[in-house]
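Asker: Have a look; sequence and predicted model below, questions after that.
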Amino acid sequence: EIFSNGAAPYAGVGSNNIVARKVITGDRLKFSDDTPEEFAELITNCVWNGDADIRCSIQQAMLWMDRNILRLVGSDTASVHTSMGATATASNRGSGDRSSRRSITADNKNSNRRSKKSGRG
């Protein structure tokens, strides 16, 4: 929705059951041509990953976006207010890089391993 001008995901596909089957079988939405590559990689490799040891949490994805959104959209706006009430300032521009996604993935793997060892997962 972020890079599709607010278009509803899977619009016109049918019921939620049909959409659920598509998602479960790996049928993912395509990103628009103007979607930044780093954002598409984050969603594809981290958020949509079928392996729970690699998949990041929504909180981790939001943190990555908070750190990178201004740079990705090329905004000169002083701040962007998210629906969560957080603010990403222009001073954050350029603070993230490709290693951010790898860091999210590595942090998530370590967190999941700790949870499994402690019996919480």
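Answerer: That came in fine, so what should we check first? Numbers count the residues shown, from 1 in each chain.

Asker: what's the domain layout of the chain?
Answerer: The chain breaks down into these domains under automatic domain parsing: 1-32, 36-117.

Asker: Mind telling me which of those domains the model trusts least?
Answerer: Of all the domains of the chain, the minimum mean pLDDT falls on domain 36-117 (a mean of 65).

Asker: a strand runs through Arg67, doesn't it?
Answerer: No. Arg67 sits outside any strand when classified using DSSP: H, G, I helix; E, B strand; the rest coil, being helix.

Asker: Can you report how many residues neighbour it?
Answerer: 17 (other Cβ atoms under 10 Å). The C-beta positions use only the backbone N, C-alpha and C, and glycine is treated the same way.

Asker: what do you get for Gly50?
Answerer: Counted by other Cβ under 10 Å, the residues lying close to Gly50 total 8.

Asker: And for it, nearest residue in space, chain neighbours not counted?
Answerer: Leaving aside its sequence neighbours, Gly50 sits nearest to Gly26 (Cβ to Cβ, 6 or more residues apart in numbering; 7.4 Å).
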